[in-house]
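In: 3D model of this:
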Amino acid sequence: MCHYTLNSKGMELKINQQIKQFNTESLSVQSLLDLEIPNKQNGIAVAINNTVVPKINWSSHFVSETDEILIISATQGG
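Out: Below you'll find the predicted structure:
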């Protein structure tokens, strides 16, 4: 049986329309990607609140629980 307390450390993020829990109070876009897709970071884009975050800013842009996060993978085909 799990018990959750209001003062527990961590954050809840909405990523690609799914709610996920993280055991941290601060998370950069790069840290989030390292946790979510550690081996597939080429050919992806990240949008937060409908605004694309350039890859150069992934390490310095931090997410918050109110953010809508979208991780998009490029696919080949035609």
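In: average model confidence for stretch 15-27?
Out: Across stretch 15-27, pLDDT averages out at 92.
In: Send me it as PDB with only the CA atoms.
Out: Presented in PDB, the C-alpha positions along stretch 15-27 are these (Å, rounded to 0.1, in the frame of the first residue of the first chain):
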ATOM      1  CA  ILE A  15       4.400  14.700 -21.000                       C
ATOM      2  CA  ASN A  16       2.700  13.800 -24.300                       C
ATOM      3  CA  GLN A  17      -0.700  13.800 -22.600                       C
ATOM      4  CA  GLN A  18       0.400  11.400 -19.900                       C
ATOM      5  CA  ILE A  19       1.000  12.300 -16.200                       C
ATOM      6  CA  LYS A  20       4.400  11.100 -14.900                       C
ATOM      7  CA  GLN A  21       6.000  11.300 -11.500                       C
ATOM      8  CA  PHE A  22       9.700  12.400 -10.900                       C
ATOM      9  CA  ASN A  23      11.600  12.200  -7.700                       C
ATOM     10  CA  THR A  24      13.100  15.700  -8.000                       C
ATOM     11  CA  GLU A  25      12.000  19.300  -7.500                       C
ATOM     12  CA  SER A  26      14.000  20.700 -10.400                       C
ATOM     13  CA  LEU A  27      14.400  19.300 -13.800                       C
END
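In: mind listing what's buried in that stretch?
Out: 15, 22, 27 (16 or more other C-beta atoms under 10 Å). Yep, even glycine has a C-beta here, placed from its N, CA and C like the rest.
In: Next step: the residues you listed restricted to helices.
Out: Judged by DSSP state H, helices contain none of these.
In: Ser60 against Pro54, yeah?
Out: No. The pair Ser60 / Pro54 is not scored as a contact, 10.4 Å apart, by C-beta atoms under 8 Å.
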